[in-house]
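>>> when you get a sec, could you give me coordinates for this:
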Amino acid sequence: MTTAAIPQPAFEFPSSSISPLSTPQEQPQQQQLPDNDQKKKKKKIIRQAVGAVIIDSTTKKVLMLSSRKRENALVLPRGECETDTQETPENATIRVLLSEAGVSVSSLTQRVGTFTEANKKGKIIAHHWMYEVHDPTLVDTWAGSDRKRVWVTLNEALTATTDRRMAHLALNSCSLARHS
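Have a look, this model is predicted:
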């Protein structure tokens, strides 16, 4: 019995291109990526953050909280939307105000802005929904009661947030800033 020679292609494939068909035995084994490398390949979820400017209509002051990360610093109450329950930004803000600041509200006065945060490469990494709340009810005990609540003037709040871009933008967009 004679065997016929398999004709070779008239051209060569570049090494970085597609190679000619090979038998299953000749195909290189795909290297299995470790779990850590596979996780890096997953598309990152865009963070959904919320926060609020809480205003006392009588005194025209803003409620701020002591920072957990920076000593003697004040911050606006803020937190994250619960993505597993597809929580709306409005509901997340009401939940965050109670747990982080001990502020009970049934509704939000207005949205002062929706801000987008990008990394150095320009890729969007977060959306921040900032709301305004007037004359809330302060509760005596709450999850984040280790933090101090402090009423400050708008100018004091702006000074405290000069290095916190989203909070600073929200304060500049709130009704106190527009009417001062």
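>>> can you name the element that comes right after the worst-scoring helix or strand of the chain on mean pLDDT?
Considering only helices and strands, the least confidently modelled element of the chain by mean pLDDT, DSSP states H and E is helix 35-41, at a mean of 56. If you walk from helix 35-41 toward the C-terminus, the next helix or strand you reach (DSSP states H and E) is strand 47-56.
>>> helices or strands up against whichever helix or strand comes after that following strand?
Tracing the chain past strand 47-56, the next element assigned as helix or strand by DSSP H and E is strand 61-66. In this structure, strand 61-66 packs against strand 47-56, strand 74-75, strand 149-152, helix 154-160, with contacts taken as 3 or more C-beta pairs under 8 Å, 6 or more residues apart in numbering; DSSP states H and E. Every C-beta, even on glycine, is put in place using the N, C-alpha and C of the backbone.
>>> state the next helix or strand along the chain beyond the second one.
Stepping forward along the backbone from strand 74-75, the first helix or strand reached (DSSP H and E) is strand 78-80.
>>> give me the buried positions along that next one.
Neighbour counts using 16 or more other C-beta atoms under 10 Å place 78-79 of strand 78-80 among the buried residues.
>>> middle-most residue in the chain, spatially?
The centre of the chain sits closest to R47, judged by C-alpha atoms, centre = their mean, with a distance of 3.1 Å.
>>> find the nearest non-adjacent residue to that residue, please.
For R47, ignoring the flanking residues on the chain, the nearest one in space by C-beta to C-beta, 6 or more residues apart in numbering is A126 at 4.0 Å.
>>> show me where this structure dips below the pLDDT cut-off.
By pLDDT under 70, the low-scoring segments of the chain are 1-42.
>>> can we see that at 80?
Within the chain, the stretches falling below the threshold (pLDDT under 80) are 1-44, 180.
>>> which among the helices and strands packed on strand 61-66 is found nearest to L138?
Evaluated over the helices and strands packed on strand 61-66, closeness to L138 peaks at strand 149-152, with 7.0 Å, by C-beta to C-beta.
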